[in-house]
Structure formats: C-alpha cells, structure tokens
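Visitor: Quick check, what structure comes out for this input:
(one chain, ligands or ions: 1)
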Amino acid sequence: MKKHYDITDLKLADDGRRRIEWAERDMPVLNHIKQEALKTKPLKGLRVAACLHVTAETANLMRTFQAAGAETLLVASNPLSTQDEVASALVAYYHIPVFARHGENRAMYYQHLQAALETRPHITLDDGADLISLLHKDYKSQAGDIIASLEETTTGVIRLRALAAAGKLLLPVVAVNDARTKHLFDNRYGTGQSTLDGIIRATNMLIAGKTIVVVGYGWCGRGFANRARGMGAKVVVTEVDEVKALEAAMDGFAVMPMKEAAKIGDLFCTLSGDLHVIDAPHFRLMKDGAIVCNSGHFDVEINLAALKKMAQKVRKQIRNQVDEYTVGRKKIYVLSEGRLVNLAAAEGHPASVMDMSFATQALSAFSVAKSKKLAIGVHEVSAEIENKIARLKLKSMGISIDKLTPAQANYLQSWEAGT
Ligand code: ADE
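Guide: I've put the predicted structure just below:
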C-alpha cells in the first residue's frame, strides 16, 4: 500500500502547530484571503500539489488552499529547509499530507516529488521548478490535466522560460515571482534579512567592520547588500550585468571582479542564480578564515567539488552548519554545505513578508481555477491581484494613501496638455 505521508516524527506536531499559529499572526493578508475562500470555495473539487519549502509560513498557505476547498499535498523543494515540526503538525492537526524529511537524500527527495505527481494534481506550485521539470521528464501524459503551475522563485521562472523558449513547455505557468508584490518584498527584504539571520545564527560573527562580498545584484543581492551595509559592513558587489553593476556602484557599493574581491572579503555570499560564481581560482586568493555561503536557490553557485579537491583536510560540522576546509596554510569555512543559508541555518523569510508572496500564490491559484483554460506559456500575475494584495497589506499596517482626483485621473489619460 502507498504511504499517505512521509515525515520524520509525528510526535513533533504540538511544536509545529505553535510555530504555524505564531506565523499566522503575521500573515493578515493571507488570513483575509482564507476567510473569503472559506465562503466562496474557489478551489472546490481540485487537487493542489505544492513543492515548496516546508515552513510555518508555507503551512498557512496550505491551510488557505484547504479552506478554499482543495485537496492539498505538500512536498519539500529543498532537503535542508524542511521544518520537521511543521510537517508533523500539517499531518496530525490539519490533515494535509506531507512528504518531506529534513536532510532527506536526493533519492528520497525525488520519491516525494513522484508521490506528489501521482495524485494527478490540477494545480501545482513549485519553488525552483523541480516538480514541473519532473513532470516534463517522466509524467508528460499528465500535462493536459494541469490547469496551471505556479512558480515562486526567480530560478524557477528562468528554468520555465528556458523550457518555453525551447518549445517544450507543455502547460500554462504563472510567474508568481515576477509579481511586484512578490519580488520587491520577498526577494529584497525577505532575503536581505533572512540571509543575515542565517549567517549570524551559523557563525555568531560580528557584521560591523567586516568586508562582505555580495555576488549578484538582482533583487536578492540588492536586499542583502543593503541590510549588510545597515549593520556596518563594508560591502563589495560583483556582477556580470553592466546595468546592475552600475546600479550597485551608484547605490554606493564598491564594485569589482571576483578575482579582486576574493582577496579582501571576510564573508562571501552568492545570490546570482548561476553556476560556480565562486570557483577554484577565487578560493586560492581568499584570506585565511574567509567564510563562504550561498543564498541562491540551488547549491551550484560555490564550486564545492573544487574546494574539496584543493583541501588537504575537511572537518565537517565544526559548529552547527559550518564545515572547515584546510587549503595550504589557511582555513576556509563553508556554511550549510552551500545550500540556501537563510533556510538551512535560519527559518527563511519572516512571516510578514511571506504573507505577500503567499497571498500572491493563493489569488493566482484562485484566478487560474476560475479561468480553467489558460494558453500554454508563461503568464504574469494580473495588476488586479497585485493591487488587491498591496491594498490589504497597507490596511493591515494601518497605512492609508491618497486617491487621484477626477481631474488628475483625466490628466494622466490625456496627451493634449504640455509645455
Ligand atoms: N522562502 C524563503 N523563506 C521562506 C519561508 N519562510 N517559507 C517558505 N518559503 C520561503
């Protein structure tokens, strides 16, 4: 008989429930949407399979889908981000099947993804596009049953656009990451804060006065660079995109190639979404005691295989989340095995910002369920959804704003008036 869930320990459920309730306090927009959905049941009769980080915030999204009438299932989108207590509470208290164990190996990770697809979902959610990628490899025949797949992260959207560009995308996807209510807040303020949180929890290092090298100046890099500066670090940015590099320079950061930054950094954090942005030549140039970590989606940004090859000695877990590599006479420290440091060493983004990301997910799911037949391709989140979320978030923060007068609205639509 097939297992209905696969988690580490059901006995952790009480702790998980407390964490879910604590996060819920800080997710007023998602809560509002959940209360509406309880009445209108926009997902009635639909199966939703989500491949997301198994956190307290995600649990509240799953509860929203459940309230909306869906049969829901959750699997992990990363082996190190699963909060086992939360997985346990979802199963025990909320009757939502979860397939996720903290520290699961690659084989188990993919077994869990298979379990999700075997429920033949109508709507899927991904954080990094692994579930949909598996569907395109091994479950192609199910593509026609899927109303849409919603993608949470930049890396996932890049993969899906590549699939579409190759003419191989088999279903409609919604680029939730690209909504302003997602990346302007989650990627920038969420990653900015949670990455520092992970680094500090893993190392207890003082940020003030340190030289921190930020690899990549997308929304995540911008957020992290600004928060590191706010705590007194001297921030160096490396980039390959001329416009972003210029923006970093005009934002007041030092900008230089990695080969120069490698010599001066105390801490390096990759947020580029690309392969081996820290590689063997850079390790050779680093100072004794340099710390290296990643906050990009996949663990490919730091070439750990090269570091292992160069190292005479590797001491694992010299402290929780810290591995020590001896290279010649110096030590290099790697946090969380090069996986997302904000989720592996801390708890990911705070609930208050995931509130907006997951409200965007929930309303996108309701919208695709209503439209039923979307064209195959990559779709944007509508302005209507973005505006509703921003309006609700402002209200929850006690902020009111001005409205256009009729004359102003009219002016913005006219072309006649000029100099
Ligand atoms: N991604 C980043 N932080 C997260 C969180 N707290 N929950 C789910 N996904 C996340």
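Visitor: and the stretch 101-250 of the chain, which of its residues are near the ligand?
Guide: By Cβ under 6 Å from any ligand atom, the residues of the stretch 101-250 of the chain that approach the ligand are residue 190. Using the backbone N, CA and C atoms, a C-beta is placed for each residue, glycine as well.
Visitor: now the helices for the stretch 101-250 of the chain?
Guide: Using DSSP state H, counting those that start in this stretch, the helices of the stretch 101-250 of the chain run over residues 106-117, 130-138, 154-165, 180-182, 191-203, 219-230, 242-250.
Visitor: Save the ones you listed as JSON lines, and put in mean neighbour count too.
Guide: Below are those laid out as JSON lines (neighbours: other Cβ atoms under 10 Å):
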{"stretch": "helix 106-117", "mean neighbour count": "17"}
{"stretch": "helix 130-138", "mean neighbour count": "19"}
{"stretch": "helix 154-165", "mean neighbour count": "19"}
{"stretch": "helix 180-182", "mean neighbour count": "22"}
{"stretch": "helix 191-203", "mean neighbour count": "23"}
{"stretch": "helix 219-230", "mean neighbour count": "23"}
{"stretch": "helix 242-250", "mean neighbour count": "14"}
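Visitor: As CSV, those with mean pLDDT would be great.
Guide: Below are the helices of the stretch 101-250 of the chain laid out as CSV (pLDDT from 0 to 100):
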stretch, mean pLDDT
helix 106-117, 98
helix 130-138, 97
helix 154-165, 96
helix 180-182, 97
helix 191-203, 98
helix 219-230, 98
helix 242-250, 98
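Visitor: Neighbours of the residue lying closest to residue 170 once chain neighbours are set aside, how many?
Guide: The shortest distance from residue 170 to any non-neighbouring residue, by Cβ to Cβ, 6 or more residues apart in numbering, is to residue 143 (3.7 Å). For residue 143, the number of neighbouring residues by other Cβ atoms under 10 Å comes to 16.
Visitor: pLDDT below threshold where in the chain?
Guide: 1-3, 372 (pLDDT under 70).
Visitor: Which residues are in contact with the closest residue to residue 301 other than its chain neighbours?
Guide: With sequence-adjacent residues excluded and distances taken as Cβ to Cβ, 6+ apart, residue 301 is closest to residue 270, at 3.7 Å. Residues near residue 270 by Cβ atoms under 8 Å, 6 or more residues apart in numbering: 215-216, 277-278, 293-296, 301-302.
Visitor: ok, now residue 169?
Guide: Contacts for residue 169 (Cβ under 8 Å, 6+ apart) come out as 136, 160, 163, 376-378.
Visitor: please redo it, this time with the cut-off set to 10 Å
Guide: Counting by Cβ atoms under 10 Å, 6 or more residues apart in numbering, residue 169 makes contact with 132, 136, 143, 149, 160-163, 376-378.
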